[in-house]
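>>> just to be clear, the model below is a prediction. Sequence and coordinates:
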Amino acid sequence: MKVTRRGPSARNEARDLLALRPAVIDEAVLEQGWKIQERYQLSFWDALIVAAAKSAACACLLTEDLQAGQDLDGVTPGEPLTNAPPDVFER
């Protein structure tokens with residue numbers, strides 16, 4: 001994001017983004033990502049997204065890039081553009 005505003009407006013934009021609770025990618029998340037990559041034969045970036053979701057205690061991950069309904073170490077991908085199985089979202 002490019003912040004072009006200053007003062008309270010820029011602060012409000014930053015606060016809005018922080019409300020999304022961005023995941024911190026630290027050594028533990030990287031290590032988990034590498035394990036997930038090997039275990040499920042995912043690309044590094046997909047595995048890192050799953051590891052970040054897991055570290056943020058997300059049970060469901062909306063993505064078109066992973067197989068919907070598959071259990072990836074407690075994180076279940078769901079298809080965002082179609083009806084995902086209800087049990088995926090009722091955890």
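That came through, no problem.
>>> all helices of the protein, in order?
Secondary structure of the chain (DSSP state H): helices located at 8-18, 27-40, 44-55, 86-89.
>>> so which of those is the most surrounded?
Burial of the helices of the chain is given as mean neighbour count (mean count of other Cβ atoms under 10 Å); helix 44-55 ranks first at a mean of 20. Placement of C-beta: from N, CA and C, glycine included.
>>> one step back: among the helices of the chain, which comes closest to Leu66?
Taking Cβ to Cβ as the criterion, Leu66 comes closest to helix 44-55 out of the helices of the chain, the separation being 6.2 Å.
>>> just the CA trace of the closest one, in PDB.
Presented in PDB, the C-alpha positions along helix 44-55 are these (Å, rounded to 0.1, in the frame of the first residue of the first chain):
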ATOM      1  CA  PHE A  44       6.500 -22.700  -1.000                       C
ATOM      2  CA  TRP A  45       4.200 -19.700  -1.200                       C
ATOM      3  CA  ASP A  46       1.000 -21.800  -0.800                       C
ATOM      4  CA  ALA A  47       2.600 -23.700   2.200                       C
ATOM      5  CA  LEU A  48       3.600 -20.300   3.700                       C
ATOM      6  CA  ILE A  49       0.100 -19.100   3.400                       C
ATOM      7  CA  VAL A  50      -1.200 -22.200   5.100                       C
ATOM      8  CA  ALA A  51       1.400 -21.900   7.900                       C
ATOM      9  CA  ALA A  52       0.500 -18.200   8.400                       C
ATOM     10  CA  ALA A  53      -3.200 -19.200   8.600                       C
ATOM     11  CA  LYS A  54      -2.400 -21.900  11.100                       C
ATOM     12  CA  SER A  55      -0.400 -19.500  13.300                       C
END
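>>> which other residues reach that helix?
23-25, 28-30, 32-34, 36-37, 40, 42, 61, 63, 65-66, 72-75 (Cβ atoms under 8 Å, 6 or more residues apart in numbering).
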